[in-house]
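Student: When you get a sec, could you give me coordinates for this:
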Amino acid sequence: MEQKKLAIIATKGSLDWAYPPFILASTAAALGYEVQIFFTFYGLQLLKKDLSLEVTPLGNPGMPMPMGMDKWFPILGMTLPGMQGMMTAMMKQKMKKKGVASIDELRELCIEAEVKMVACQMTVDLFDMEQSQFIDGIEYAGAAAFFEFAGESDICLYI
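Tutor: Numbering: from 1, shown residues only. Reported below is the predicted structural model:
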């Protein structure tokens, strides 16, 4: 039986959007899938050595918030300094309390599970990024190289 393949395109670079590609990739790898994640545009933030990710509730109106804040955050988050930092700290605390691995831990798990991580070379060039900013062991390629893998994959996800 041929090994199943999972292809993921990661386009978001915030704390809340960092979890899905790494959780899905590590789970699929544990189930025996060959996995590749193609990081493009803001998703490249997830490959940086120094992860300084924050929550982005403005971009995710469905995000549940404590104490009825979900009704007010779109307004307050745009006007009150420190709100994004506060929500980031709250999310990190909740994840830790619930026993959810950190992004660093999940990314390391993916590396150990031999998930292939590919940085979009066009985006690296577009944003004048240096390879020294990124973790070791990743590859750099264009969209065409990703399509070779994605075209043969059993599952392809855009996150």
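Student: Would you map the strands across the chain?
Tutor: 5-10, 34-39, 116-120, 139-141, 155-158 (DSSP state E).
Student: Could you pull up the contacting residues of the residue most central in space within the chain?
Tutor: Note on the chain: the residue nearest the mean C-alpha position is Ala18, at 2.8 Å, using CA atoms, centre = their mean. Taking CB atoms under 8 Å, 6 or more residues apart in numbering, we find Ala18 in contact with Lys12, Gln45, Leu46, Leu53, Ile103. In short, each C-beta sits where N, CA and C put it, glycine included.
Student: still on that earlier bit, redo the strands of the chain as TSV? Include mean neighbour count.
Tutor: Formatted as TSV, the strands of the chain follow (neighbours: other CB atoms under 10 Å):
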stretch	mean neighbour count
strand 5-10	24
strand 34-39	25
strand 116-120	22
strand 139-141	14
strand 155-158	14
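Student: Return the helix or strand in the protein with minimum mean pLDDT.
Tutor: In the chain, no helix or strand scores lower on mean pLDDT, DSSP states H and E than helix 73-79, which sits at a mean of 52.
Student: how about the strands of the chain in JSON lines, adding mean pLDDT and distance to Met83?
Tutor: Converted to JSON lines, those look like this (pLDDT from 0 to 100; distance: least, CB to CB, whole Å):
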{"stretch": "strand 5-10", "mean pLDDT": "98", "distance to Met83": "26"}
{"stretch": "strand 34-39", "mean pLDDT": "98", "distance to Met83": "27"}
{"stretch": "strand 116-120", "mean pLDDT": "98", "distance to Met83": "31"}
{"stretch": "strand 139-141", "mean pLDDT": "98", "distance to Met83": "36"}
{"stretch": "strand 155-158", "mean pLDDT": "97", "distance to Met83": "29"}
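Student: quick one on the thing from earlier: out of the contacts of Ala18, which one sits closest to Ile23?
Tutor: Ile103 (10.0 Å; CB to CB).
Student: I'd like to know how many residues surround that closest one.
Tutor: By other CB atoms under 10 Å, the residues close to Ile103 number 18.
Student: measure the closest residue in space to it that isn't next to it in sequence to Ala10 for me?
Tutor: The spatially closest residue to Ile103, leaving aside those adjacent along the chain, is Ala18, at 4.8 Å (CB to CB, 6 or more residues apart in numbering). In this structure, Ala18 and Ala10 are 8 Å apart, going by CB to CB, to the nearest Å.
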